[in-house]
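Novice: Fold the stuff below for me.
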Amino acid sequence: MSDDPVQSRHSAHAADPSPSEDGEHVSHTPHATLERHCDVAVIGGSAAGLAAALQISRQRRSVVVVDDGTPRNAPATHMHGYLGHEGAAPGELTEIGRAEVRAYGGEVLSGRVVGVHRRDDGRFRLDLTGGHTLVARRVLAATGVSDELPAIDGLAEGWGRGVIHCPFCHGFEVRDRRLVQIVTHPLGLHPTPLFRHLTDRLTVVLHDATGLDQEAVEALAASGVVVERSEARRVLTGPDGEVSGVELGDGRVIEADAVVVGSRFRARADVLAGVGLGTTPHPTGAGEVLAVDARGETAVPGIYAAGNVTDPSLQVLPSAAQGSQVGAMIAFSLAEEDLRAAVRHSGEQADWDHRYGGSDRAWSGNPNGTLVHEVAALAPGRALDVGTGEGADALWLAEHGWKVTATDISGNALARVRAEAERRGLTVDLVRGDANDPAPFGTAAFDLVSLQYGSFKRTPDQRGVRSLLAAVAPGGTLLAVHHDLAPLRDPVDVENQTRMYDPEAFVGVDEIAAALGADPGTWQVEVHETRPRPPGAASTHHVDDVVLRATRRAV
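Specialist: Predicted coordinates for the structure are as follows:
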């Protein structure tokens, strides 16, 4: 198990597998490794990866995006040419995209994939920092490219700001200004006619004329562009840090407001070496890319790619479009495979069945102390334990006179509850299902609905929340307890650790409280507070709990 505060025993779905029913660990060490299962793993959480994840999650597939926060456009303060988002900061688009993916239950993890391997069962194992693993039926690489700049002093420091390469990304912003374009390889002249149109103060420096089209050079000179056949020594900046000029090899300085230079590029595909995938030369000779077919699939069946890793010329908008298209192809691939097997596969169920598939107990076997405290004064009646896990809460309720129905998405979990109930001579009705299923709790109403350290995936229509609230009988009590997620605001060092659960993909206590608050005529919220965890917890990373108790008003 991990000390990530967003893992739970409950697969209704559970959001945090690290604490047990009473918050106590069962011989787990900090940062112990986890293995999770999903339908699709997406490597890279920029435009292409998030657009693909959105398509896939909307097809009711479990998708996990692993993002190390190193997008190609990180140095840029604004992006351009994206209809509806013109001039927005790249990070702003990323945050919107993450929220949209999470709204459908897709997870976006802060971390890093360090290797991909095919398992004997045909699925893929992704090795993550921190020693964790992610097992997926399909993999999408949206890892982008690395730009390799010429070895000219000052270029790297200004990259994405005063040093640019794309007339569509930055051209309008430098219109009518003094531009110096440094040409270091044959492809370097390709955007020159566009920059010439944007400004009449363009100087082209032929830093390396090897392989250049001399007719194109002559045409530029004839059109009035100043052409310097000299090496560029360094890019100069003024007191304000802005580009001020380019110093040539002979010591002359050309004044400039911005510098244009073409980079070489390398697809960030090393992580796929374990499945035998490598890069191929780009037709321009300016770098290497990951080759894909028309569906976005690589030479290894089941591994797809989208975005700059396949085509470095793509701006943010076409990268997102390609990611969306490839995401749809992945969804088709999974659906066709399931059709041939005559199954309707659930990635969420597979993840939790794996969790409870071993021989060892996952949790302490003790009921949550907050449940015991809050329920002790209630008269026993009908109780629903949502996301029961190994059933400690459900069994405690049954021992104290409650008629209990326990639900979980994992059949393996319910088998453990059944075995323990039989051992104790208790009766617990077990229902396998997801809180987001249609009518997941049947038509019965319960005097107590308990959701302990668990949550379920978000949907835009809040189906799970509505089902949870509908299960509470008039006069009945809803009790939801979860970890205080404030520690997750702390950044994670992706070089050494991957955060293995994304709480924003799950319904939390605050969202349930908001639904109650929207209907004050039906609900009376009695407790909504953060409090210390019950005594006896062995772990230290989950310090506080958020407790929500509400009563449905009697008709």
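Novice: What lies in contact with stretch 370-386?
Specialist: Stretch 370-386 is contacted from outside by 10, 12, 391, 393-394, 396-397, 400-407, 435, 441, 444-452, 454, 468, 471, 473, 476-477, 479, 481, 527, 533-534, 545, 547, 549, using C-beta atoms under 8 Å, 6 or more residues apart in numbering. Bear in mind the C-beta positions are built from the backbone N, C-alpha and C, glycine included.
Novice: run the last query once more with 6 Å
Specialist: 12, 393-394, 397, 401-407, 441, 446-452, 471, 479, 481, 534, 547, 549 (C-beta atoms under 6 Å, 6 or more residues apart in numbering).
Novice: Can you list which of these are found in strands?
Specialist: 403-407, 446-452, 479, 481, 547, 549 (DSSP state E).
Novice: Mind giving me the ChimeraX command for buried ones among these?
Specialist: With 16 or more other C-beta atoms under 10 Å as the criterion, this ChimeraX line picks the buried residues out of the ones in strands among the contacts of stretch 370-386:
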select :404,405,406,407,446,447,448,449,450,451,452,479,481,547,549
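Novice: Mind picking the two most distant members of the ones in strands among the contacts of stretch 370-386?
Specialist: Farthest-apart pair in these is Lys403 and Val547; separation 24.2 Å (C-beta to C-beta).
Novice: Surely Val555 touches Gly475?
Specialist: No: at 8.6 Å, Val555 and Gly475 do not qualify as touching, with contact defined as C-beta atoms under 6 Å.
Novice: Confirm that Asn73 sits in a helix.
Specialist: No: using DSSP: H, G, I helix; E, B strand; the rest coil, the assignment for Asn73 is coil, not a helix.
Novice: neighbours around it, how many?
Specialist: Asn73 has 22 neighbours, counted by other C-beta atoms under 10 Å.
Novice: State the distance from it to Ile409.
Specialist: According to C-beta to C-beta, to the nearest Å, Asn73 stands 38 Å off from Ile409.
Novice: tell me the mean pLDDT over stretch 164-177?
Specialist: Average pLDDT, stretch 164-177: 92.
Novice: ditto for stretch 337-346
Specialist: 95.
Novice: With stretch 154-161 instead?
Specialist: Mean per-residue pLDDT for stretch 154-161: 89.
Novice: Okay, helices next: where are they in the stretch 451-555 of the chain?
Specialist: Assigned by DSSP state H, counting those that start in this stretch, the helices in the stretch 451-555 of the chain fall at 463-470, 509-517.
Novice: what's the last one packed up against?
Specialist: So that's helix 509-517. Counting contacts by 3 or more C-beta pairs under 6 Å, 6 or more residues apart in numbering; DSSP states H and E, helix 509-517 is packed against strand 472-483, strand 523-532, strand 544-552.
Novice: Excluding chain neighbours, what is closest to Thr133?
Specialist: Here the nearest residue to Thr133 in space, its sequence neighbours aside, is Glu35; by C-beta to C-beta, 6 or more residues apart in numbering that works out to 4.6 Å.
Novice: Do you know the pLDDT at Ala537?
Specialist: We have a pLDDT of 45 for Ala537.
Novice: actually Trp352, not the one I typed
Specialist: With respect to pLDDT, Trp352 scores 94.
Novice: Give me whichever of the helices of the stretch 451-555 of the chain is most buried.
Specialist: Across these, averaging neighbours per residue (mean count of other C-beta atoms under 10 Å) puts helix 463-470 on top, at a mean of 19.
Novice: neighbouring contacts of it?
Specialist: Counting by C-beta under 6 Å, 6+ apart, Ala435, Asn436, Pro440, Phe456, Val507, Ala515 sit against helix 463-470.
Novice: how about 8 Å then?
Specialist: Helix 463-470 has contacts (C-beta under 8 Å, 6+ apart) with 386, 434-436, 439-441, 449, 451, 456-458, 478, 507, 511-512, 515-516, 523, 552.
Novice: tell me the angle of it relative to strand 446-452?
Specialist: Going by axes from the mean of the first three to the mean of the last three C-alpha atoms, to 10 degrees, helix 463-470 is angled at 140 degrees with respect to strand 446-452.
Novice: Please shift the residue numbers so they start at 31 in all later answers.
Specialist: Fine by me, first position is 31 from now on; the one you just mentioned is helix 493-500.
Novice: Would you mind getting the angle between helix 493-500 and helix 539-547?
Specialist: Going by the same axes, to 10 degrees, helix 493-500 makes 60 degrees with helix 539-547.
Novice: Helix 493-500: how far from the chain's middle?
Specialist: 25 Å (C-alpha atoms, centre = their mean, to the nearest Å).
Novice: Can you tell me which of the helices and strands packed on helix 539-547 is most buried?
Specialist: Highest mean neighbour count among the helices and strands packed on helix 539-547 (mean count of other C-beta under 10 Å): strand 502-513, a mean of 22.
Novice: pLDDT averaged over it, what's the number?
Specialist: Averaging pLDDT along strand 502-513 yields 96.
Novice: Spell out which strands sit alongside that strand in the sheet and which way each one runs.
Specialist: Its sheet considered, strand 502-513 pairs with strand 476-482 (parallel), strand 574-582 (antiparallel) by DSSP bridges.
Novice: show me where the stretch 231-380 of the chain has strands.
Specialist: Counting by DSSP state E, counting those that start in this stretch, the stretch 231-380 of the chain has strands at residues 232-236, 256-258, 262-267, 273-278, 283-285, 288-291, 294-297, 310-311, 317-319, 333-335.
Novice: Note down every partner strand of the second one and its orientation.
Specialist: In the sheet containing strand 256-258, the strands it pairs with under DSSP bridges are strand 232-236 (parallel).
Novice: Can you tell me what sits against the partner strand?
Specialist: 208-213, 219, 222, 225-226, 242, 247, 250, 255-260, 262, 276, 278, 284, 286.
Novice: For Gly421, which non-adjacent residue is closest in space?
Specialist: Gly421's closest residue in space is Val447 (C-beta to C-beta, 6+ apart), at 3.3 Å.
Novice: what's around the residue nearest to Thr163, how many residues?
Specialist: Other residues lying near Glu65 total 14 when counted by other C-beta under 10 Å.
Novice: That one and His162 touch, don't they?
Specialist: Yes: with contact defined as C-beta atoms under 8 Å, Glu65 counts as touching His162 (7.1 Å).
Novice: OK, contacts around Leu224?
Specialist: Contacts for Leu224 (C-beta under 8 Å, 6+ apart) come out as Pro197, Gly201.
Novice: quick one: it is in a strand?
Specialist: No: under the criterion used here (three-state DSSP), Leu224 is helix, not part of a strand.
Novice: quick one: it from Gln211, how far?
Specialist: 11 Å.
Novice: before we move on, back to that, for the residue nearest to Thr163, what are its contacts?
Specialist: Contacts for Glu65 (C-beta under 8 Å, 6+ apart) come out as His162, Thr163, Leu164, Val165, His384.
Novice: let's go with 10 Å and repeat that
Specialist: Counting by C-beta atoms under 10 Å, 6 or more residues apart in numbering, Glu65 touches Arg155, Leu158, His162, Thr163, Leu164, Val165, Asp381, His384, Arg385, Met530.
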